[in-house]
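**Student:** With the input below, show me the fold.
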Amino acid sequence: MKTLLSLIAAAILMFSSFSSPAKAIVLFDDVNADHPFAFEIAYLYEEGIINGYPDGTFRPDDPVIRSHAVAMIGRALNLDDTARSTGFRDVPASHPFSGYIASAAEQEIVIGFPNNYFRPDWTVTRAQTVTMLDRAFYFPEAPDNSFSDMSESHFAFDAVSRLAYQGVARGYPDNTFRPDIPVTRAQFVAFLARTIEPTFVPDKAELLNTANDILAELQAEDFADVAAYVSSSEGLTFCPYAGGCVPADAVTFTKAQLPGFMSDTTDYLWGYEDGSGFEINLTPAEYYDEYLMDAPYTAKEHYGRNSPTATEFIHQAYPDATIVEYYYPGTDEFDGLDWQSLNMVFEKNSNGDWVLVAIINDRWTI
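**Tutor:** As a prediction, this is how the structure comes out:
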């Protein structure tokens, strides 16, 4: 049976960026509190993305098979799991993961083998894992990886480079990646958890803390302190809608201009209303009230997965960015259609430091 570790788990596994105060962690009988991927396993279990076996074990060292890999990715992406024909000769509609396999094939996350086979019970290598995640999720271009056993001719070289640069795929102490060995269930969970929840990557965990600090400064209307996180050369861009954010058409304030943001009496064209296309002409203080902070955003404990569509739009304008989204789900009175989000867009400068380059809002518009 799965074991609920109450006070002991809370003391041993307290992860301050995920839960405050600490809470009990659900683990499996064969995943001890000191397992190197205990946090990741607990997180994906609580998210409903992974399951164990009927005997209460997780079997972290067992290899992952293709059907299980697709099911885990499918749950993370909320893919359609309706049982149906997959088009593969060896995956009938009666297969327990036919829906996820069909959806993943439709989105080209996975492909089959010659003669229209999927091989659902074949094991997955570390390179294949990285390739599936690279296809399923957004990863910006990155410098070539430096693993000693990865050549540019390897089919997964670019995918490994992208995921390694983002801290998702890690190698071994001897600087090898070992792309062609089977990935274990624990390793697969670690890759997937880092992909959907960047707080598992130390650099991204620090960035989330920075974003929370910036949120507090925005709520205090202290743009002088916000300016401390902004590049002197790039400034800070504001967009009212993710779908219509083209940096050239948005409003950009220099680092020197930001301290006077709320006292600036100039009417700016911030963009256009989504739907009507009407111009948004407002002073900065008016924009602050009507768009920028027009929702009770609260500090985040983890990145979360709220609005993938907004993220996709923002990456079109800022392909190298890391985005921290603050999401307001709306109210029951309007069936949640009054949802809003505030997206902080960060990029690394030439020194490798995170800088705030844009703040992009989003909302439902009729």
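**Student:** for the protein, which helix is longest?
**Tutor:** helix 202-219 (DSSP state H).
**Student:** Packing partners of that one?
**Tutor:** Applying 3 or more Cβ pairs under 8 Å, 6 or more residues apart in numbering; DSSP states H and E, we find helix 202-219 packed against helix 223-226, strand 322-328, strand 340-348, strand 354-363. Glycine gets a C-beta too; all of them are placed from N, C-alpha and C.
**Student:** List the buried residues for it?
**Tutor:** Within helix 202-219, the residues scored as buried using 16 or more other Cβ atoms under 10 Å are 204, 205, 207, 208, 211, 212, 214, 215, 217, 218.
**Student:** taking the mean pLDDT, what do you get for that helix?
**Tutor:** Over the span of helix 202-219, the pLDDT mean works out to 97.
**Student:** cool, and stretch 171-191?
**Tutor:** Taken as a whole, stretch 171-191 has an average pLDDT of 98.
**Student:** gap between the two ends of that stretch?
**Tutor:** Using Cα to Cα, to the nearest Å, the end-to-end distance of stretch 171-191 comes to 11 Å.
**Student:** ditto for stretch 217-224
**Tutor:** 9 Å.
**Student:** How far off centre is that stretch?
**Tutor:** Here stretch 217-224 is found 26 Å from its chain centre; the criterion is Cα atoms, centre = their mean, to the nearest Å.
**Student:** before we move on, what about stretch 137-157?
**Tutor:** 20 Å.
**Student:** repeat for stretch 196-209
**Tutor:** Averaging C-alpha positions (Cα atoms, centre = their mean) puts stretch 196-209 10 Å from its chain's average.
**Student:** just stretch 287-299 next, same as before
**Tutor:** Its chain's C-alpha centre and that of stretch 287-299 lie 22 Å apart, by Cα atoms, centre = their mean.
**Student:** Stretch 314-331 too?
**Tutor:** Taking Cα atoms, centre = their mean, one finds the center of stretch 314-331 at 10 Å from the center of the full chain.
**Student:** what does stretch 222-231 give?
**Tutor:** The answer for stretch 222-231 is 25 Å, by Cα atoms, centre = their mean.
**Student:** Buried ones in it, by neighbour count?
**Tutor:** 223, 226, 227, 229, 230, 231.
**Student:** Measure how far the one helix or strand residue 128 maps to is from the centre of its chain, please.
**Tutor:** Following DSSP states H and E, the helix or strand that holds residue 128 is helix 126-136. Relative to the centre of its chain, helix 126-136 is centred 15 Å away, using Cα atoms, centre = their mean.
**Student:** Pull out the buried residues from it.
**Tutor:** Per 16+ other Cβ under 10 Å, helix 126-136 contains these buried residues: 126, 127, 128, 129, 130, 131, 132, 133, 134, 135, 136.
**Student:** Tell me which other helices or strands that helix touches.
**Tutor:** The contact analysis (3+ Cβ pairs under 8 Å, 6+ apart) places helix 126-136 against helix 66-77, helix 157-165, helix 185-196.
**Student:** Spatially nearest residue to the one residue sitting closest to the centre of the chain, not counting backbone neighbours?
**Tutor:** Centroid-nearest residue in the chain: residue 196, 4.1 Å away (criterion: Cα atoms, centre = their mean). Once flanking residues are discounted, residue 196 sits nearest to residue 76: 5.2 Å by Cβ to Cβ, 6 or more residues apart in numbering.
**Student:** who's in contact with the spatially closest residue to residue 30 that is not a sequence neighbour?
**Tutor:** Nearest residue to residue 30, sequence neighbours excluded (Cβ to Cβ, 6+ apart): residue 57, at 4.5 Å. By Cβ atoms under 8 Å, 6 or more residues apart in numbering, the contact list for residue 57 reads 28, 29, 30.
**Student:** Tabulate the residues you listed (CSV), appending distance to residue 284 and pLDDT.
**Tutor:** Below are the contacts of residue 57 laid out as CSV (distance: Cβ to Cβ, whole Å; pLDDT from 0 to 100):
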residue, distance to residue 284, pLDDT
28, 52, 91
29, 57, 92
30, 56, 94
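**Student:** Just the ones of these in strands?
**Tutor:** Of the contacts of residue 57, none are assigned to strands by DSSP state E.
**Student:** quick one: which of those is most hemmed in?
**Tutor:** Within those, neighbour counts (other Cβ atoms under 10 Å) peak at residue 28, which reaches 24 neighbours.
**Student:** Tell me which residue of the protein is furthest from the middle?
**Tutor:** The C-alpha centroid of the chain is most remote from residue 265, which lies 37.5 Å away (Cα atoms, centre = their mean).
**Student:** was I right about it contacting residue 283?
**Tutor:** Yes: between residue 265 and residue 283 there is a contact under Cβ atoms under 8 Å: 5.8 Å.
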